[in-house]
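Undergrad: build me a model:
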Amino acid sequence: MTPQASVFTNRKVVFLLATLCCLLWGSAYPAIKNGYALFQIAPDDIPSKLVFAGWRFVFAGLVLLIVAAATRKPVFALDRRGMGQVSLVGLAQTTAQYVFFYIGLAYATGVKSSIMNATGTFFSVLLAHFIYRNDRLSYNKALGCVVGFLGVMVVNFHDSLFSLDFTLLGEGFVVIAAFVLSAASIYGKKVSQRIDSVVLTGWQLGIGGVGLLVLGFAFGGHLSLPSAAAFGILAYLVALSAIAFSLWTILLKHNRVSMITVFNFMIPIFGTLLSALFLDERFLEWKNALALVLVCVGIWLVTKEEKTPARA
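TA: Numbering: from 1, shown residues only. Purely as a prediction, here's the structure:
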């Protein structure tokens with residue numbers, strides 16, 4: 001399907017907006033961990049973490065739907081099929097993905113989580129091969145996937161290199177979250193061809209957020225607002241979600257999957273640097289530097305054949 005020509009296929013616009021999205025997502029790693037501390041959520045209190053995530057996305061969805069309504073977009077014009085599609089995107093891309101992501105982030109450092117999450121780029125490339133005829137897996141893409149996953153392996157080695165520092169609840173859940181996001185985003189790209197991108201993002205964030213709240217409260221989660229700083233970090237995460245997800249949905253709508261996922265290399269870079277800055281995590285280790293280089297080289301190989309603005 002070829003979308004109409006749009007400013008969102010302009011390379012300069014794509015670069016600026018995709019970079020902004022990745023900067024925002026990279027900043028989510030230290031913001032979420034600081035949020036846990038400010039809201040006094042214990043490391044093992046998973047239900048409360050889900051409630052925290054749920055309110056974040058419910059409010060983000062409401063903000064986008066209010067903006068959409070104010071600009072006279074068809075917020076309430078979805079038919080049964082459309083609402084079903086939007087609900088599926090929300091429950092997968094927001095509820096399921098963030099159940100894995102928030103749990104994983106609680107058991108892994110922000111630096112490692114930001115790099116592990118880069119596996120989503122490779123999942124997107126592989127899934128696009130089977131879905132889009134003009135986005136097939138080439139030699140460069142296959143090699144890039146291998147190099148990128150090698151980078152993910154490197155960051156999980158101890159300094160001794162004799163054992164893997166990898167847990168299912170930590171790094172494993174972050175990788176699962178990356179896969180779920182990739183699959184849901186590709187499905188969301190299809191849905192966005194018939195539903196306005198801002199409306200789609202608003203509904204899916206809101207529905208997905210409600211799903212997280214239901215799960216969190218069902219298992220005994222709770223959330224109080226202890227300080228202005230806690231409100232500020234929640235407000236930042238709400239704005240982050242509303243801006244980044246809506247822009248990314250728009251970019252995916254108007255471009256090939258591989259054309260946009262090339263910018264994902266910025267997420268582990270921003271995430272690593274910001275985590276080191278705000279969480280006082282160690283960054284200047286050889287394995288982190290090597291992993292970042294391998295991940296970036298892998299993504300470059302995956303997308304190096306893109307020479308012109310590409311459309312799905």
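
Undergrad: would you mark the buried spots in the helix or strand containing S246?
TA: Remark: S246 resides in helix 228-254, with elements defined by DSSP states H and E. Buried residues in helix 228-254, counting neighbours by 16 or more other Cβ atoms under 10 Å, are found at 230, 233-234, 236-238, 240-254. Yep, even glycine has a C-beta here, placed from its N, CA and C like the rest.

Undergrad: which other helices and strands contact the next helix or strand along the chain from it?
TA: Using DSSP H and E, the helix or strand that follows helix 228-254 towards the C-terminus is helix 257-261. Applying 3 or more Cβ pairs under 8 Å, 6 or more residues apart in numbering; DSSP states H and E, we find helix 257-261 packed against helix 11-38, helix 119-131, helix 228-254, helix 286-303.

Undergrad: contacts for the shortest one?
TA: It stands for helix 119-131. Applying Cβ atoms under 8 Å, 6 or more residues apart in numbering, the contact partners of helix 119-131 are 135-137, 141, 144-145, 148-149, 152, 175, 178-179, 181-183, 185-186, 256-258, 261-262, 264-265, 298-299, 302.

Undergrad: 6 Å - rerun?
TA: 135-137, 141, 145, 148, 152, 175, 178-179, 181-182, 186, 257-258, 261, 264, 299, 302 (Cβ atoms under 6 Å, 6 or more residues apart in numbering).

Undergrad: out of those, which end up buried?
TA: In these, burial by neighbour count holds for 135, 137, 141, 145, 148, 152, 175, 178-179, 181-182, 186, 257-258, 261, 264, 299, 302, counting by 16+ other Cβ under 10 Å.

Undergrad: now, the residues you listed that are in helices?
TA: 141, 145, 148, 152, 175, 178-179, 181-182, 186, 257-258, 261, 299, 302 (DSSP state H).

Undergrad: and those, which is closest to K287?
TA: Set against K287, the nearest of these by Cβ to Cβ is V152 (11.3 Å).

Undergrad: any idea of the mean pLDDT for stretch 113-126?
TA: Across stretch 113-126, pLDDT averages out at 79.

Undergrad: cool, stretch 60-74 as well?
TA: This predicted structure assigns stretch 60-74 an average pLDDT of 92.

Undergrad: stretch 291-304 too?
TA: Along stretch 291-304, the predicted local confidence has a mean pLDDT of 76.

Undergrad: got the buried residues for it?
TA: Of the residues in stretch 291-304, those with enough neighbours to count as buried (16+ other Cβ under 10 Å) are A291, L292, L294, V295, C296, V297, G298, I299, L301, V302, T303.

Undergrad: determine which two of the residues you listed are furthest apart.
TA: Across the buried residues of stretch 291-304, the two members that end up farthest from each other (Cβ to Cβ) are A291 and T303, 19.0 Å apart.

Undergrad: wait, which of the buried residues of stretch 291-304 is closest to F100?
TA: When the buried residues of stretch 291-304 are compared for distance to F100 (Cβ to Cβ), V295 comes out closest, at 19.8 Å.
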